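A.B. asks: Only the shape, not the letters, is given here:
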Ligand code: ADP
Ligand code: XUL
């Protein structure tokens, strides 16, 4: 039988190039975390003048981009920091995670710049001429409704597109973003030899040539046939001409992308045999970092976006949510819902109502009763994805609300709440929406295991609300940054697959139970009262009626 152990003394490195920061996690061969690092875009690279890692162009219908060069300069800085604290020669394999859907446009001729990087200079100084577009569209962008409509029309409607690609046409997904560039800036499209996702872009830097897009993040483009696991010719044709060549080949997430390039060996003293494993999207990497491998389990990620995801063997096409190939298996799928109004909206309410302070925010959550005396709301600081509603806050009070039953209660819209009620209405509103859409999508409810991750999962008061509203125990991982943790786990898994000459189940890497425990999750908050969860279900039903009316009246599509 093949040796399934990781080499003693070696290290595995995972990055996460996310919306607001670049993070890294390093694991040893027992899969214990030995180092973490963090570069925050706004504060560590202030000369790019981003706010929360992005530029918002209010004149162009929700255009949101990030400077491509900032991601490269963050990588320069991160590698410098890592080389100060670690012997990078010990790294046997590296992989990574990128915010999903964001795209990078390499100018004609840039592959030769990429393959001849001078180790005496920073990456950013050598790659400043390598891109046909300097501002990468990212997942927060919602400016491509027109392109979404025309792609759906060309392939036979939204449900057909969802059947093929796992998602209906969606503004932030890469296909409609590419079509917009092709329509609005055809000369730029022609001057682009390769389109990378954030994940395959960062991977390309490490191997010194264009990396393949992995199958899971590839499905986040709206262009992949998720059953056949290849680009869909029909959808490519509906999107832009000559696109297949610009996207390049696909590869499974566990595959080796290449050896680390001489640039990193010479500049940061990586071992020349260090393997680079395909990068993938941040949610897929989180799935790996949380060791999610049971169809009854769900993860709720409270980061810049809020997402909820799990795995399934089969799926039906839906008009909301997304289906991707399972990132850590050769069969099965990952299912996911995504909300744009996550942490940044919580921060906005914290800043306005809770003295810009999480402690005050939490005090308000503790002071106010569950169900908030019948006060609830919808809080969209940014255009929301789920449901597709524009910026706006909508607050309601249930009249004659007793707390025991909402039967016969009618809601009345109000302009504002007192500060503590506003905080609770926001948190309950976000979580009730997630619960409602999970059930509507057909994800397991209640989940067998609910794991919380992402920046806000360090907040126990928010986790208490999760436990009450979902009516189940809430687990958390060793680190709230499950994306870079998952990337490091995948680096080790990819190394093992390469060593054994084919795919091996990721489970076989956890040599014994205790090793898995060091990665897997601990119980953080016990399940709330089932009677309370049932009351929340009644409020949730009322919310969905109102949400439906709002979508009819204000919906963007
Ligand atoms: P991403 O990876 O999407 O860039 P993270 O998962 O790192 O984002 O989450 C960052 C967010 O975490 C911040 O925007 C912040 O609002 C949130 N956060 C950090 N600490 C807390 C806390 N104590 N309570 C609630 N939210 C928090
Ligand atoms: C998922 C999505 C976001 C980004 C950024 O579809 O758009 O979660 O991956 O984290």
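C.D. replies: Ah, there it is. Only a predicted model underlies this, so the values are computations on that prediction, with no experimental measurement involved. Ligands and ions are numbered 1, 2, ... in the order given.

A.B. asks: Give me the pLDDT for the residue of the chain found nearest ligand 1.
C.D. replies: For the chain and ligand 1, the shortest gap (Cβ to the nearest ligand atom) falls at residue 455, measuring 2.0 Å. Every residue, glycine included, has its C-beta placed from N, CA and C. The pLDDT attached to residue 455 in the predicted structure is 96.

A.B. asks: so what's it up against?
C.D. replies: Shown in contact with residue 455 (Cβ atoms under 8 Å, 6 or more residues apart in numbering): 302-304, 343, 480.

A.B. asks: Likewise for residue 298?
C.D. replies: 308-310, 438, 443-444, 447, 449-451.

A.B. asks: Narrow those to those in strands?
C.D. replies: Using DSSP state E, the subset of the contacts of residue 298 located in strands is 308-310, 449-451.

A.B. asks: With pLDDT as extra columns, can I get these in JSON lines?
C.D. replies: Below are the ones in strands among the contacts of residue 298 laid out as JSON lines (pLDDT from 0 to 100):
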{"residue": "308", "pLDDT": "98"}
{"residue": "309", "pLDDT": "98"}
{"residue": "310", "pLDDT": "96"}
{"residue": "449", "pLDDT": "93"}
{"residue": "450", "pLDDT": "96"}
{"residue": "451", "pLDDT": "96"}
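
A.B. asks: residues in this protein within reach of ligand 2, list them.
C.D. replies: Contact residues (Cβ under 6 Å from any ligand atom) of the chain with ligand 2: 18-19, 99-101, 139, 172, 281-283, 303-305, 307, 338.

A.B. asks: Which members of those residues are positioned in helices?
C.D. replies: 282-283 (DSSP state H).

A.B. asks: most surrounded residue in the residues of the chain next to ligand 2?
C.D. replies: Using other Cβ atoms under 10 Å as the neighbour criterion, residue 282 leads the residues of the chain next to ligand 2 with 33 neighbours.

A.B. asks: now that residue: how far from residue 485?
C.D. replies: According to Cβ to Cβ, to the nearest Å, residue 282 stands 11 Å off from residue 485.

A.B. asks: Residue 225 too?
C.D. replies: Taking Cβ to Cβ as the measure, residue 225 falls 30 Å from residue 485.

A.B. asks: cool, and residue 540?
C.D. replies: 32 Å.

A.B. asks: Name the residue in these two with the higher neighbour count.
C.D. replies: residue 485 (31 against 21).

A.B. asks: How many neighbouring residues does the residue lying closest to the more buried one once chain neighbours are set aside have?
C.D. replies: Counting by Cβ to Cβ, 6 or more residues apart in numbering, residue 485 lies nearest to residue 289, which is 3.8 Å off, once chain neighbours are set aside. For residue 289, the number of neighbouring residues by other Cβ under 10 Å comes to 32.

A.B. asks: tell me the contacts of residue 289?
C.D. replies: By Cβ under 8 Å, 6+ apart, residue 289 lies in contact with 453, 477, 479, 482-489, 519.

A.B. asks: can you give me phi and psi for it?
C.D. replies: Main-chain torsions, residue 289, degrees, to the nearest 10: phi -70, psi -30.

A.B. asks: Using the record, which stretches count as separate domains in the protein?
C.D. replies: The chain breaks down into these domains under automatic domain parsing: 291-340+448-525, 343-445+545-554.

A.B. asks: most packed of the ones you listed?
C.D. replies: The highest average neighbour count among the domains of the chain, using mean count of other Cβ atoms under 10 Å, belongs to domain 291-340+448-525 at a mean of 21.

A.B. asks: follow-up on the earlier one: ok, the ones in strands among the contacts of residue 298 vs residue 27, which is closest?
C.D. replies: Ranked by distance to residue 27 (Cβ to Cβ), the ones in strands among the contacts of residue 298 are led by residue 451 at 18.6 Å.

A.B. asks: Do me a favour and average the pLDDT over the helix or strand harbouring residue 475.
C.D. replies: Using DSSP states H and E, residue 475 falls within strand 474-476. Averaged over strand 474-476, pLDDT sits at 96.

A.B. asks: The helix or strand that it is followed by packs against which elements?
C.D. replies: Going down the chain from strand 474-476, the next helix or strand is helix 482-500, by DSSP H and E. Other helices and strands packing on helix 482-500, by 3 or more Cβ pairs under 8 Å, 6 or more residues apart in numbering; DSSP states H and E, are strand 11-17, strand 21-28, strand 91-98, strand 275-277, helix 282-289.

A.B. asks: Distance from the last one to the middle of the chain?
C.D. replies: The reference is to helix 282-289. Counting by Cα atoms, centre = their mean, to the nearest Å, helix 282-289 is centred 8 Å from the centre of its parent chain.

A.B. asks: Wondering if it reaches ligand 1 at all.
C.D. replies: No: between helix 282-289 and ligand 1, judged by Cβ under 6 Å from any ligand atom, nothing touches; the nearest distance is 6.5 Å.

A.B. asks: Let me know the angle separating that helix from strand 21-28.
C.D. replies: 20 degrees (axes from the mean of the first three to the mean of the last three Cα atoms, to 10 degrees).

A.B. asks: Return the helix or strand in the protein with minimum mean pLDDT.
C.D. replies: Counting by mean pLDDT, DSSP states H and E, the weakest-scoring helix or strand in the chain turns out to be helix 513-519, with a mean of 60.

A.B. asks: next SSE after that helix?
C.D. replies: Using DSSP H and E, the helix or strand that follows helix 513-519 in sequence is strand 522-525.

A.B. asks: Please name the strands paired to that following strand in the sheet, noting orientation.
C.D. replies: Here strand 522-525 is paired, per DSSP bridges, with strand 474-476 (antiparallel).

A.B. asks: for the record, mean pLDDT for stretch 138-148?
C.D. replies: Stretch 138-148 comes out at a mean pLDDT of 96.

A.B. asks: ok, it near ligand 1 or not?
C.D. replies: No: Stretch 138-148 lies out of reach of ligand 1 by Cβ under 6 Å from any ligand atom, never closer than 9.5 Å.

A.B. asks: Many thanks, have a good one.
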